[in-house]
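J.: Need coordinates for the below:
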Amino acid sequence: MKKLCALLICIAAALAGVLGVRLAFPRPHWQQVKNSGLDPALVYAVARAESGFDARAQSRAGACGLMQLLPETAEYICARTGTEYDEEKLFDGAYNLRLGCLYLTYLFARFPVTETALAAYNAGEGVVSDWLKDPTCSSDGAKLSRIPYPETARYVKKVIKFRKIYEFFY
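T.: Numbering: from 1, shown residues only. Down below sits the predicted model:
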C-alpha cells in the first residue's frame with residue numbers, strides 16, 4: 001500500500017510539473033500558428049521571448065503585442081504580403097501573431113539559417129546583412145559565427161531554449 005501511495009504521489013507531482021510548464025508556455029491562437037506553415041514551437045518560443053505572451057506589451061522602442069512588432073515593420077510586412085494593415089489591431093493577439101508569422105516567414109526566406117533569422121528578428125535585417133558580410137561574424141555569408149550585439153546573442157539563445165521546451169512538452 002505504501003508503494004502504491006508513493007507511486008501515486010510521484011505521478012501527481014509529475015503531472016503538476018507538466019501542467020505548470022504548460023501554463024508558463026501556453027499556445028494561444030493555435031490555429032493561426034498552425035496555418036502559418038512555420039514550426040509552432042519556434043513561433044511560440046519567439047512570442048514567449050518577446051512578450052511573455054502579454055498581448056498588451058509595448059517596448060520602449062514602440063514594439064507592440066505578442067510578437068513585439070514595430071508599427072513600421074508590421075506595415076512593411078502587410079504591404080509585402082497584401083495583408084490589411086491596422087495599427088490599432090497590433091495589440092490584438094491573433095492579428096499580431098499573424099503578422100509576426102508573416103514576418104518570420106519573410107526573414108526565413110531571406111536568412112534560411114534559424115539563428116540568423118532570429119538575429120534579424122531582434123536586431124534588424126539590415127544589421128544582420130552587414131554582419132553576414134563581415135568575416136569576423138560569418139565565414140560563409142549565411143550563418144553567424146559571432147553576434148556582435150550581446151542582447152541579440154542572448155535573445156537567440158533564449159528563443160532556441162524556449163523552442164526546445166515547446167518541442168519537449170508539446
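J.: wait, is Pro112 part of a helix?
T.: No. If the criterion is DSSP: H, G, I helix; E, B strand; the rest coil, then Pro112 is coil and not within a helix.
J.: Which helix or which strand is home to the most centrally placed residue in the chain?
T.: In the chain, the residue lying closest to the centroid (C-alpha atoms, centre = their mean) is Val46, at 1.1 Å. Using DSSP states H and E, Val46 maps to helix 40-51.
J.: The next helix or strand after that helix - contacts with which helices or strands?
T.: Proceeding N to C from helix 40-51, the next assigned helix or strand is helix 71-81, under DSSP H and E. Applying 3 or more C-beta pairs under 8 Å, 6 or more residues apart in numbering; DSSP states H and E, one finds that helix 71-81 makes contact with helix 93-110. Placement of C-beta: from N, CA and C, glycine included.
J.: Would you mind listing the buried residues in the helix it packs on?
T.: Neighbour-count burial for helix 93-110, counted by 16 or more other C-beta atoms under 10 Å, picks out 93, 95-108.
J.: Next secondary structure element downstream of it?
T.: By DSSP H and E, the next helix or strand past helix 93-110 is helix 114-123.
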